[in-house]
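> could you look at this predicted model? Sequence included:
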Amino acid sequence: MKKITLISLFTTLSCSAIVHAGCMGGCSNSQGNNGAAFFAIEGGYAQNDIDGYNFTITPAFGTITSTDDNQNYLLRLSAGMMASLDDQVAVSGEMGWGYYGKTTLTPVFAGSTAGIFAPGSLNTSYSLNGFDALVGLIYTQPSFNLYLKVGALVENMKIESNSNFSAFNPSENVTSTTNVTAVLPQVKIGAAYNFSENWALTVSGVYAFGSNTGVSGSFNSTSGNSSLIIKEENPTISAAMVGLQYTV
């Protein structure tokens, strides 16, 4: 994953060199030139692979599951370079930072577990953000562009947990915060409509290849056998974005 990030950064810098070389004789600021820098702001909807609680207490107590409160909005800021290979094909590199939403899990107690555990709560929230680096090809036309880029997302997952069992013990109210970071392969595909010389409206989709995050387990009150699986790997993200791009 680190190699992918370095390749993306190297390509971005390479595009920069091509831009300066191509404009030494003078050129105007438009996307049809030998090279150009661009800045973009994007917003939209992000979906992640964060699973809820799934803990079973047997033989007769029931299950502990959870409700999910998903804040799926996202915001991404980016900057990059593009350089023409011919009249219809350009190479591009970009780097950006994005906020990809928050998921909060609240336990739901079913069966007789409701009477045992209802006085307590264990709420967990997962906030996602990260930096990415991408490189790819652009199919260019006077009024629109189509592009495909690949690279890596350095995804940070902030986990905040709040356990409150004050009905049993007033001192048992614990809050904790941890951060889990991983480098995930990422793909971005999209289109841009050039409504002026420097401005474009963009529509794109992003997919970062991660894992499933969640808590599952079981407990047998007769035999005493139990299992608990806590997955804190960085989750997969899929997102749809609309944005504005300014090309210098």
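Nice, I can see it. Residues are numbered from 1 along each chain as shown.
> state the distance from the closest residue to Asp87 other than its chain neighbours to Phe109.
In this structure, Asp87 finds its nearest non-sequential neighbour in Thr140, 7.7 Å apart by Cβ to Cβ, 6 or more residues apart in numbering. For the C-beta atoms, the positions are set from N, CA and C on the backbone; glycine is no exception. Note on Thr140: its distance to Phe109, by Cβ to Cβ, to the nearest Å, is 57 Å.
> what bridges to the residue nearest to Asp87?
Thr140 forms beta bridges with Asn145, as assigned by DSSP bridges.
> can you give me the neighbour number for it?
Thr140 has 21 neighbours, counted by other Cβ atoms under 10 Å.
> with Thr67 instead?
Counted with other Cβ under 10 Å, residues neighbouring Thr67 total 11.
> what sits opposite it in the beta ladder?
Bridge pairing for Thr67 - DSSP bridges - gives Thr106.
> residue contacts, it?
Neighbour list for Thr67: Gly52, Leu105, Thr106, Val108 [criterion: Cβ atoms under 8 Å, 6 or more residues apart in numbering].
> tell me the contacts of the third one?
In other words, Thr106. Ser66, Thr67, Asp69, Ser121, Asn123.
> one more time with 7 Å, if that's ok
Neighbour list for Thr106: Ser66, Thr67, Asn123 [criterion: Cβ atoms under 7 Å, 6 or more residues apart in numbering].
> out of the contacts of Thr67, grab the one that's most surrounded.
Comparing these by number of neighbours (other Cβ under 10 Å), Leu105 comes first, having 22 neighbours.
> can you tell me the closest non-neighbouring residue to it?
Ser66 is the one closest to Leu105 (Cβ to Cβ, 6+ apart), at 4.4 Å.
> could you report the neighbour count for the one you found?
That count, for Ser66 with other Cβ under 10 Å as the rule, works out to 21.
> what segments of this protein are strands?
For the chain, the strands defined by DSSP state E occupy 35-48, 50-58, 62-71, 73-84, 89-109, 121-140, 144-164, 173-194, 199-208, 213-220, 226-231, 237-247.
> export those strands to CSV and tack on mean pLDDT?
As requested, the strands of the chain are exported to CSV (pLDDT from 0 to 100):
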stretch, mean pLDDT
strand 35-48, 96
strand 50-58, 83
strand 62-71, 85
strand 73-84, 97
strand 89-109, 94
strand 121-140, 93
strand 144-164, 93
strand 173-194, 93
strand 199-208, 98
strand 213-220, 84
strand 226-231, 82
strand 237-247, 97
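> out of the contacts of Thr106, which comes closest to Thr213?
Ser66 (12.6 Å; Cβ to Cβ).
> now the residue lying farthest from the centre of the chain: phi and psi?
The centre of the chain is farthest from one residue, Thr222, which by Cα atoms, centre = their mean lies 42.8 Å away. With angles defined as degrees, to the nearest 10, Thr222 sits at phi -90, psi -50.
> start at 16 instead
Got it, the first residue is 16 from now on, which makes the last one we talked about Thr237.
> number of residues surrounding the closest residue to it other than its chain neighbours?
Nearest residue to Thr237 in three dimensions, chain neighbours excluded: Pro74, at 6.1 Å (Cβ to Cβ, 6+ apart). By the measure other Cβ under 10 Å, the count of residues near Pro74 is 8.
> what does the one 3 residues further on give?
Using other Cβ under 10 Å, Gly77 has 18 other residues around it.
> bridging residues for it?
Going by DSSP bridges, Gly77 forms beta bridges with Ile72.
> distance of it from Val218?
Gly77 is 46 Å from Val218, by Cβ to Cβ.
> what sits against Gln86?
Gln86 neighbours (Cβ under 7 Å, 6+ apart): Gly116, Lys117.
> what does Ser211 show for phi and psi?
The phi/psi pair for Ser211 (degrees, to the nearest 10) reads phi -160, psi -180.
> bridging residues for Phe54?
Taking DSSP bridges as the rule, Phe54 bridges to Ala94, Tyr261.
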